[in-house]
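In: Model the structure of this input:
(2 chains)
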2 protein chains.
Amino acid sequence: MSYRDFDREQRDEELGRLWCEFNQIREEGLKLNMARGVPSPDQLSLSLGMLDILHAEADCTAEDGTDCRNYGVMDGIPECKRLMADLMGVSPEMVMIGGNSSLNMMFDAISCFMNHPAVPGNPAWSLVPDRKFLCPVPGYDRHFGVTGYFGFEMIPVPMDANGPDMDVVEELVKDPSVKGMWCVPKYSNPTGVTYSDEVVRRIAALKPAAADFRVMWDNAYCIHDLTDEPDELLNIFAECEKTGNTDLVITFCSTSKITFPGSGVAAMAASENNMKIIKEKYKYQTIGYDKLNMLRHVRFFGDLDGMKAHMKKHAEVLRPRFEIVLDKLGQLSDTGVVWYNRPRGGYFVSVNVMDGTAKRVVALCKDAGVNLTGAGATYPNGIDPYDSNIRIAPSFPSLEELSAAMDVFCLCTRIAALEKMNELI
Amino acid sequence: MSYRDFDREQRDEELGRLWCEFNQIREEGLKLNMARGVPSPDQLSLSLGMLDILHAEADCTAEDGTDCRNYGVMDGIPECKRLMADLMGVSPEMVMIGGNSSLNMMFDAISCFMNHPAVPGNPAWSLVPDRKFLCPVPGYDRHFGVTGYFGFEMIPVPMDANGPDMDVVEELVKDPSVKGMWCVPKYSNPTGVTYSDEVVRRIAALKPAAADFRVMWDNAYCIHDLTDEPDELLNIFAECEKTGNTDLVITFCSTSKITFPGSGVAAMAASENNMKIIKEKYKYQTIGYDKLNMLRHVRFFGDLDGMKAHMKKHAEVLRPRFEIVLDKLGQLSDTGVVWYNRPRGGYFVSVNVMDGTAKRVVALCKDAGVNLTGAGATYPNGIDPYDSNIRIAPSFPSLEELSAAMDVFCLCTRIAALEKMNELI
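Out: All right, here's what the predicted structure looks like:
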């Protein structure tokens, strides 16, 4: 019987039982963390061979003869550009290799356009006081953090099973102060949704009022499949070629969740026009990023096939963790008030608990020793208008910890829902 | 006899002899590079032990238990902050560790203040249309590149044997649109000058009209001594403490010319007020820089003494190169038209050839197969009003190459001087 069919007495009886359980768990003094999409030590150990793959002087030379120990090569060594180009499905000429963080490259791109126009002749974004950015929700808190920092008003766009609601997007881009849009097109953070072919095509066909509107295509989970039937994402650049919209999209990726999150290699790809503006900045910003680390990655993987084989090992570590989360969530089906996705890749399970209870669930979990991503974090400025979405990040804890943490989560979800019903009815 | 005492006939005779020599050299088809302050392969090999110093999982843990392979720790692991704090002569709490490039950290700091006020309540620098930056000349072209990129008018300040002319600086900072000043306080690029105690104290005592005036203290050559009698630089932060000017200075350094230029560790240090503004940016910009590379450095050096011992090996490789340059320049003393410094550290010899001939010297050298830093590069916007200063970077070529390159340089300096005299007289 669904919680929705409970009468007051049944709810109070159930609540009494649940509180008793909660108090027992709280006494155990758990300390469990499901807050961030952080690989587990088992995953990190998959890349240990990369640590000392460069030994001697002879190992440090790139294929074009560059001594990777020394200064130079602003946009990355050729073999690394090729590897990351293959990962992004673009040609190497479109690629720039950065440091250890694609977030930093996204920040740098927005920062660039703040003071140097994305389209020569247009005002730089800092000169547009009512500048806006489209934010599919639920989405990635660090994206919203960047545009928030640079003073953009962030317009939420609802996500559905196919990606962002394109009817809404097509309407919003008629406003010339709307300067861009965040996208995590594959195994989206946190919903796990991969944009449908139609959504990708409609993005590629956008005709924004602002000539300097840019889609920030953060393909963070491009080969981060959990199953042998991975989602397929259309190549956005191929679609933009067809629509003549080649300057619309800038794409980003990294090896943060492929090798070492703290010591990966980040990359971006964009049209010649976009790259011209962005490289004009990098020319002054740096002499070049860490080429030894680029070499380590190339030597460790060989090519994209090597990288994909490596990702299967990650999937083996991650899959049982996602199964635990989904099994435990399945036990909530009797409540009738919880919705969640079943992602085929990525790092998250997005759970919608009963409206108006997400904050309460997170607080209860914390009280019982389980740390979750803050409720609201998946919305711009941390404000979830439904107070419903919670991002579960199952990658870091051990299987035992995860199982215990999910028991707590389910318990708190039940308590919060019944409390809310008592309040409402 | 000095060229100045030559009559027309003597000059023509000398020129004829020199041109003959020039043409012979040109036929040799040299390809030599003295353009940038780039360590030689011999220097890079001094740090090869760092490449594979981390082997196994157990090697990857910082002293506070952080798994350096994973995400996190925005401002750097404690042992690396301590090492770089010792290098900069500050306390670890003042330090933030960055990626592989201190230039990037300087760019980031200026970029930060462009859109987010250095002093809350003041307008951000992008809102100051006539913003200006003080540029001691001759100076470092990449510094000037950054402030040029961000639209600062760059005001040259003459350097003398004690550092920037502080009478000029004290006058210029009365203009509230003057927002900062570049400094390479030790073994300055390119003059090799170390700021005198008096200059450091006068900088620390500056009372600029702009509350958000910032000194960019790029201590790039802080332990880059060539001799056993190194220059001593006063600690700017200690002096700022005395004057109560603790927010005035932001300091930068890196291991680029200590370990691997492409794969070093950069750091900055600043007051609590400055760090608050800057870390507020980094919070959105990155999850943290490459902690494995920080660990490699700490494990390789142990502490500052280890780093200093390592620098003695660099000095052994560099010293003979500087000796060749100075020996060859000494042979120009008969011309009476060339001035140069005798640095006790750093990476450059700054040569002033006869006024109005630097461009010609560089062009002639290029024609003979010797690549020099562009004439003018040591001045903002590449404009040396005297067309006189040339930066010689002796570190990269082999001793034989350097010797040949300096012969060409001296020859071209003579030719250009005599040509100019014929033109003038």
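In: CA atoms for contacts and neighbours, from now on please.
Out: Will do.
In: which of the residues in stretch A:383-403 are buried?
Out: A:384, A:387-397, A:399, A:401-403 (16 or more other C-alpha atoms under 10 Å in any protein chain shown).
In: mean confidence for that stretch?
Out: Averaging pLDDT along stretch A:383-403 gives 96.
In: For it, list the C-alpha coordinates in CSV.
Out: The C-alpha trace of stretch A:383-403 is given here as CSV (Å, rounded to 0.1, in the frame of the first residue of the first chain):
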residue,chain,number,x,y,z
ILE,A,383,17.4,26.7,-4.9
ASP,A,384,15.3,23.7,-5.9
PRO,A,385,11.8,25.1,-6.2
TYR,A,386,10.3,21.7,-5.4
ASP,A,387,12.8,20.8,-2.6
SER,A,388,12.7,17.4,-4.1
ASN,A,389,15.9,16.4,-6.0
ILE,A,390,18.8,14.6,-4.3
ARG,A,391,22.0,13.5,-6.1
ILE,A,392,23.3,10.2,-4.9
ALA,A,393,27.0,9.6,-5.7
PRO,A,394,27.7,5.9,-5.1
SER,A,395,31.3,5.7,-6.4
PHE,A,396,33.4,6.4,-3.4
PRO,A,397,32.1,4.2,-0.5
SER,A,398,32.9,0.5,-0.2
LEU,A,399,30.0,-1.9,-1.0
GLU,A,400,29.3,-2.4,2.7
GLU,A,401,29.4,1.3,3.5
LEU,A,402,27.2,2.1,0.5
SER,A,403,24.6,-0.5,1.6
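In: Run the chain-centre distance for it.
Out: 14 Å (C-alpha atoms, centre = their mean, to the nearest Å).
In: in chain A, which spans are strands?
Out: Along chain A, the segments classed as strands by DSSP state E run A:32-34, A:95-97, A:132-137, A:153-160, A:163-164, A:178-183, A:214-218, A:249-254, A:266-269, A:339-340, A:349-352, A:370-372, A:389-392.
In: Of all those strands, which one is nearest chain B?
Out: The minimum distance between chain B and those falls on strand A:266-269, with 11.8 Å, by C-alpha to the nearest C-alpha.
In: Within the sheet, what are the partner strands of the closest one, with directions?
Out: strand A:95-97 (antiparallel), strand A:249-254 (antiparallel) (DSSP bridges).
In: highest average neighbour count across those strands?
Out: strand A:95-97 (a mean of 27; mean count of other C-alpha atoms under 10 Å in any protein chain shown).
In: hmm, back to that, could I get the strands of chain A as a markdown table with distance to B:T227?
Out: A markdown table is the format used below for the strands of chain A (distance: least, C-alpha to C-alpha, whole Å):
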| stretch | distance to B:T227 |
| --- | --- |
| strand A:32-34 | 54 |
| strand A:95-97 | 39 |
| strand A:132-137 | 56 |
| strand A:153-160 | 57 |
| strand A:163-164 | 64 |
| strand A:178-183 | 54 |
| strand A:214-218 | 51 |
| strand A:249-254 | 44 |
| strand A:266-269 | 41 |
| strand A:339-340 | 68 |
| strand A:349-352 | 61 |
| strand A:370-372 | 56 |
| strand A:389-392 | 59 |
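In: Out of these, which gets nearest to A:A315?
Out: Among the strands of chain A, strand A:349-352 comes nearest to A:A315, with 15.0 Å by C-alpha to C-alpha.
In: Could you give the average pLDDT over the closest one?
Out: On average, strand A:349-352 scores 97.
In: returning to that earlier point: Throw the strands paired with strand A:266-269 into TSV and include mean pLDDT, thanks.
Out: TSV is the format used below for the strands paired with strand A:266-269 (pLDDT from 0 to 100):
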stretch	mean pLDDT
strand A:95-97	98
strand A:249-254	98
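In: Can you tell me how far A:L399 is from chain B?
Out: Separation of A:L399 from chain B (C-alpha to the nearest C-alpha, to the nearest Å): 19 Å.
In: Over to A:R17?
Out: 40 Å.
In: for the closest residue to chain B within chain A, what are its contacts?
Out: Nearest residue of chain A to chain B (C-alpha to the nearest C-alpha) works out as A:D52 at 4.4 Å. By C-alpha atoms under 8 Å, 6 or more residues apart in numbering or on different chains, the contact set of A:D52 is B:L51, B:D52, B:I53, B:L54, B:H55.
In: Closest one of those to chain A?
Out: Closest approach to chain A among the contacts of A:D52 (C-alpha to the nearest C-alpha): B:D52, at 4.4 Å.
In: What confidence value was assigned to the closest one?
Out: 95.
In: Equivalent analysis for A:R36, please.
Out: 87.
In: Quick check: A:T243 touching A:A205?
Out: Yes. The pair A:T243 / A:A205 is scored as a contact, 5.8 Å apart, by C-alpha atoms under 8 Å.
In: more crowded one of the two?
Out: A:A205 (18 against 15; other C-alpha atoms under 10 Å in any protein chain shown).
In: Can you report phi and psi for that one?
Out: phi -100, psi 0 (degrees, to the nearest 10).
In: For it, give its distance to A:V157.
Out: Computed as C-alpha to C-alpha, to the nearest Å, the A:A205 to A:V157 distance reads 18 Å.
In: same question, A:F396
Out: Taking C-alpha to C-alpha, one finds A:F396 at 30 Å from A:V157.
In: now the helices for the stretch 201-350 of chain A?
Out: Shown for the stretch 201-350 of chain A, the helices assigned by DSSP state H, counting those that start in this stretch span residues A:236-243, A:272-285, A:291-301, A:304-330.
In: Select, out of these, the one closest to A:Y149.
Out: Across the helices of the stretch 201-350 of chain A (criterion: C-alpha to C-alpha), the nearest stretch is helix A:272-285, sitting at 19.6 Å.
In: buried ones in the closest one?
Out: Buried, per 16+ other C-alpha under 10 Å, within helix A:272-285: A:N274, A:M275, A:I277, A:I278, A:K279, A:K281, A:Y282, A:K283, A:Y284, A:Q285.
In: Is there proximity between it and chain B?
Out: Yes. Against chain B, helix A:272-285 shows contacts by C-alpha under 8 Å from any C-alpha of the partner chain at A:K281, A:Y284, A:Q285.
In: Would you enumerate the residues in contact with the second one?
Out: Think A:Y284. Per C-alpha under 8 Å, 6+ apart, neighbours of A:Y284: B:F107, B:R142, B:G145, B:V146, B:Y149.
In: packing partners for the least confident helix or strand in chain A by mean pLDDT?
Out: Lowest on mean pLDDT, DSSP states H and E among the helices and strands of chain A sits strand A:32-34, with a mean of 91. Judged by 3 or more C-alpha pairs under 8 Å, 6 or more residues apart in numbering or on different chains; DSSP states H and E, strand A:32-34 is in contact with strand A:370-372, helix A:399-424.
In: ok, it: who's next to it in the sheet?
Out: strand A:370-372 (parallel).
In: Residues touching the strand it pairs with, excluding its own?
Out: Taking C-alpha under 8 Å, 6+ apart as the rule, strand A:370-372 contacts A:30-36, A:362, A:365-366, A:391-393, A:405, A:408-409.
In: ditto for stretch A:350-364
Out: A:190-192, A:337-341, A:371-376, A:386-392, A:409, A:412-413, A:416-417, A:420.
In: Show me where the stretch 1-150 of chain A has its helices.
Out: Going by DSSP H, counting those that start in this stretch, the stretch 1-150 of chain A shows helices at A:8-28, A:41-45, A:78-88, A:102-115, A:141-149.
In: Switch the ones you listed over to TSV; also include distance to B:N219, mean neighbour count and mean pLDDT.
Out: What follows is those, written out as TSV (distance: least, C-alpha to C-alpha, whole Å; neighbours: other C-alpha atoms under 10 Å in any protein chain shown; pLDDT from 0 to 100):
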stretch	distance to B:N219	mean neighbour count	mean pLDDT
helix A:8-28	53	14	97
helix A:41-45	36	18	97
helix A:78-88	32	22	98
helix A:102-115	25	22	98
helix A:141-149	30	21	98
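In: Format those helices as JSON lines; extra columns: distance to A:G346.
Out: Listed next are those as JSON lines, based on distance: least, C-alpha to C-alpha, whole Å:
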{"stretch": "helix A:8-28", "distance to A:G346": "30"}
{"stretch": "helix A:41-45", "distance to A:G346": "14"}
{"stretch": "helix A:78-88", "distance to A:G346": "16"}
{"stretch": "helix A:102-115", "distance to A:G346": "16"}
{"stretch": "helix A:141-149", "distance to A:G346": "16"}
